[in-house]
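A.B. asks: have a look at this prediction, sequence included:
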Amino acid sequence: MTYKADEDYDYLFKVVVIGDSGVGKTNLLSRFSRNEFSTESKSTIGVEFATRTISVDDKLVKAQIWDTAGQERYRAITSAYYRGAAGALIVYDVTRHITFENVERWLKELKNHTDQNVVIMLVGNKADLRHIRSVPLEDAQAFAQREKAFFVETSALEAMNVENAFTEVLTQIYHVVSKKMLDVGDDPSAVPKGRNIKIGEGDDAQASKKAGCCSDG
């Protein structure tokens, strides 16, 4: 397969976006990957992909971001969805406390299906709705600290901290992978599956090129 110049990258990392339905996962994804926001969002059905390449320490890091529905009826795709994920954003809505309470369940599911070194970012979305906030900033910070996760509040609508959230996850994944490669004597074959440097031809390569649409998960 021949890649165009703008598709060249040094690393490809799979990142999953999880959380209850309606917290704004898909709009976070579309804001980061295409700088778009849709007020006409519908619930995501199944799985959607988006990709974007950023620079980390002079390396081109391509993110393959997976977005899926938060509804229980789509749980059958769990293992395939998480397989090979090097990072995750667990999203809740700062105006709906139940979505924050459910973060613990999402975190447990994530840890059950991923490598112990998975990079986790807790994301409090819809921070622009300050007047109807129901999740105190301090509570989320304390939870993230306890679980050794990164934390940020975002607004996909206002594009607040969306770039920071994804970039931080990708940067931390890169540092984990770099350290592993040093630990194993710079042998790329020893890097855990899903953190490898490139995907080859076939379904995975095609999947990485599919862009998600503008529905809201």
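C.D. replies: Nice, I can see it.
A.B. asks: low-confidence stretches in the chain?
C.D. replies: Within the chain, the stretches with pLDDT under 70 are 1-7, 41-46, 69-77, 183-217.
A.B. asks: can you pull the contacts of Asn35?
C.D. replies: Taking C-beta atoms under 8 Å, 6 or more residues apart in numbering, we find Asn35 in contact with Ala159. (Each C-beta comes from the backbone N, C-alpha and C, glycine too.)
A.B. asks: mind checking how far it is from Asp128?
C.D. replies: Distance of Asn35 to Asp128, computed by C-beta to C-beta, to the nearest Å: 16 Å.
A.B. asks: strands along the chain, start to end?
C.D. replies: 11-19, 47-56, 59-68, 87-93, 119-125, 150-153 (DSSP state E).
A.B. asks: buried set for the last one?
C.D. replies: The reference is to strand 150-153. 150-153 (16 or more other C-beta atoms under 10 Å).
A.B. asks: other SSEs contacting it?
C.D. replies: Packed against strand 150-153 by the contact rule (3 or more C-beta pairs under 8 Å, 6 or more residues apart in numbering; DSSP states H and E) you find strand 119-125, helix 137-146, helix 162-183.
A.B. asks: adjacent strands (with direction) for the shortest one?
C.D. replies: Using DSSP bridges, the strands paired with strand 119-125 are strand 87-93 (parallel), strand 150-153 (parallel).
A.B. asks: can you say which of the ones you listed is nearest to Leu182?
C.D. replies: Among the strands paired with strand 119-125, strand 87-93 comes nearest to Leu182, with 19.5 Å by C-beta to C-beta.
A.B. asks: who's Val17 bridged to?
C.D. replies: Under the criterion used here (DSSP bridges), Val17 is bridged to Asp67, Leu89.
A.B. asks: any idea how far it lies from Leu157?
C.D. replies: Taking C-beta to C-beta, one finds Val17 at 17 Å from Leu157.
A.B. asks: so Asp57 makes contact with Gln172?
C.D. replies: No: using C-beta atoms under 8 Å as the test, Asp57 is too far from Gln172 to be in contact (11.9 Å).
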